[in-house]
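*Asks:* Sequence first, predicted coordinates after that:
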Amino acid sequence: MSERKSNRERTTIEQYQKAVELLKDENELSRIGAIYSLEYIMNNDEKFHWPIMELISSFIKKHRYFDPNEYEEEYETKPEKYDLPVTEDIQAAITVLGRRNRNIKEKENINFNWTNLYNLNFSYSHFENTFFEKAYMKNTYLENAHLENANLEGVFFVDANLTYVHLENANLTYALLENSYFLEAHLENADLTYAHLENAFLGGAHLENADLSEAYLENTNLIHAHLKNANLILSRLKKADLTYAHLENANFFEAHLENAVLTEAHLENANLTEAHLKNAFLNKVHLENAVLKKAHLEKADLGVGHLENADLTEAHLESADLSGTYLKKALLSGAHLNNAYLLHAHLENADLTEAHLENADLTEAHLENADLKFANFRNIKLVNSYESREETKEELIKFIQELEKAKNVKGIQLDDKIMKIIKEEFPDLLNSINSKD
């Protein structure tokens, strides 16, 4: 038995030495044959497993070295210099490493730092825990690839196909991912701080608990994306499409979402303090219990949105559309609702203390049990803004009757025509307005 084992080991060593020599051959077919010979040894002999992995990865790096500093200086004038042709030997080397026997324990992690991997196919491969720092991976194919816990800091991933890719817990800080395709990709707990994802497609992607603080996501497609508990502090999402996205408990502190689309998105309990949502589309959005203190929502469309119990203290909602919006028990103290559209809005039990509603359209708005203390209702419209006519006395009385249902009307500011009717026909309400308690 020992002689047979000794012969087998001798044969393996001879095959290994021959393959190593052929890997240096000028003939590409010889090099490809060497790679597949090494694959067989690597997957069947534990002693050779890591040395061969290291040898093959070094072979790739030798022929595909990439200097990111040089690239940053030349990419605008010589972009084609780095778009190297895909050779069959390099692709074979990637394929062999990506499908290695993972039952053998590996001493270290594969290192592709500063490597040009342009246009190579990593689909269905396994490169968990691999180092790709500042690698050039433009146009790479990573469909269903496994890169969990990989280090991709500063990677150049422009125009890459990452459909169904697994990047859970990966480090993608400062990564360049513009125009890349991440359909239903898995990026749970990934670090994308300062990453560039402009114009990327992340439809249905999983980014739960991911860190996207100060990331660039302008014009990004995040339809049906999952971003529950994600960190998006100071992120840039101008014109991004987040239709139907799940953003529960996400942190958007001071994030930029101007002109973004959040139609029917779920932002329950999200933090949007001082976020910028000017001209954003939030039709039928779910913002129950969300915090929007001092948020900028000027001209935003929140029609038929759900903002029950939301905190909009001192929020800017000038000219915003809140038609039919549900704001029950919402905090709107000091909010700026000048010129806002609140047709059929539900403000039951809302706190509008010292709110600014000058020139707002409150046609058939619901104010039962609302706190209107010191709120400014001057020049409000009680007829649909599209109707160019003055309110009838009946319409004014209907609004006054809504004020009667309010919890607190002390010190509210109203137009003279409304106050005149109150003085003549609603003495109890007048006393409440003038109350010193």
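*Replies:* Now that the structure is in, tell me what you want to look at.
*Asks:* wouldn't Leu429 be in contact with Val409 here?
*Replies:* Yes. With the criterion set as C-beta atoms under 8 Å, Leu429 and Val409 qualify as a contacting pair; they are 6.8 Å apart. The C-beta positions use only the backbone N, C-alpha and C, and glycine is treated the same way.
*Asks:* So those two - more neighbours on which side?
*Replies:* Val409 (25 against 18; other C-beta atoms under 10 Å).
*Asks:* so who does that one touch?
*Replies:* Residues in contact with Val409 (C-beta atoms under 8 Å, 6 or more residues apart in numbering) are 372-373, 403, 429, 432-433.
*Asks:* Highest neighbour count among these?
*Replies:* Of those, Leu372 is surrounded by the most neighbours, 27 neighbours in total, counting by other C-beta under 10 Å.
*Asks:* Could you check the pLDDT of Ser385?
*Replies:* pLDDT recorded at Ser385 is 63.
*Asks:* next one: Lys5
*Replies:* Among the per-residue scores, Lys5 holds a pLDDT of 61.
*Asks:* What is the neighbour count of Glu28?
*Replies:* Summarising burial for Glu28: neighbours were counted as other C-beta under 10 Å, giving 13.
*Asks:* circling back: out of the contacts of Val409, the closest to Tyr82 would be?
*Replies:* When the contacts of Val409 are compared for distance to Tyr82 (C-beta to C-beta), Leu372 wins out at 63.7 Å.
*Asks:* which residues touch the closest one?
*Replies:* Applying C-beta under 8 Å, 6+ apart, one finds that Leu372 lies in contact with 352-353, 355, 403, 406-409, 412.
*Asks:* Need the CA coordinates for stretch 150-162. CSV is fine.
*Replies:* Output in CSV follows, covering the C-alpha atoms of stretch 150-162 (Å, rounded to 0.1, in the frame of the first residue of the first chain):
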residue,chain,number,x,y,z
ALA,A,150,-15.4,40.0,-0.3
ASN,A,151,-13.3,43.1,-0.1
LEU,A,152,-14.2,45.2,-3.1
GLU,A,153,-13.1,48.6,-1.8
GLY,A,154,-12.7,51.1,-4.7
VAL,A,155,-13.4,48.4,-7.3
PHE,A,156,-14.2,49.6,-10.9
PHE,A,157,-17.5,47.8,-11.5
VAL,A,158,-18.9,50.1,-14.3
ASP,A,159,-21.4,48.4,-16.7
ALA,A,160,-21.1,45.1,-14.9
ASN,A,161,-23.8,42.4,-14.9
LEU,A,162,-24.4,41.4,-11.3
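*Asks:* Residue numbering should commence at 485 henceforth.
*Replies:* Let's use 485 as the start, then, which means that last one is stretch 634-646.
*Asks:* Please report the distance of the closest residue to Ile594 other than its chain neighbours from Val639.
*Replies:* Once its chain neighbours are removed from consideration, Ile594 has its nearest residue in Thr614; the separation is 4.5 Å (C-beta to C-beta, 6 or more residues apart in numbering). When distances are taken as C-beta to C-beta, to the nearest Å, Thr614 and Val639 turn out to be 11 Å apart.
*Asks:* Just want to know which of the two has more residues nearby.
*Replies:* Neighbour count, other C-beta under 10 Å: between Thr614 and Val639, Val639 has more, with 30 against 24.
*Asks:* Spatially, which residue comes closest to that one, not counting chain neighbours?
*Replies:* Residue nearest to Val639 in three dimensions, not counting chain neighbours: Ala659, with 4.8 Å by C-beta to C-beta, 6+ apart.
*Asks:* Might one say that the one you found is in contact with Leu636?
*Replies:* Yes. Under the criterion of C-beta under 8 Å, Ala659 is in contact with Leu636, at a separation of 5.6 Å.
*Asks:* Is Gly688 in contact with Ile707, as I believe?
*Replies:* Yes. With contacts counted by C-beta under 8 Å, Gly688 reaches Ile707, the gap being 7.5 Å.
*Asks:* Below-threshold pLDDT in the chain: ranges please.
*Replies:* For the chain, the stretches with pLDDT under 70 are 485-490, 560, 563, 869-871, 921.
*Asks:* could you show me where the strands are in it, in order?
*Replies:* When secondary structure is read from DSSP state E, the chain shows no strands.
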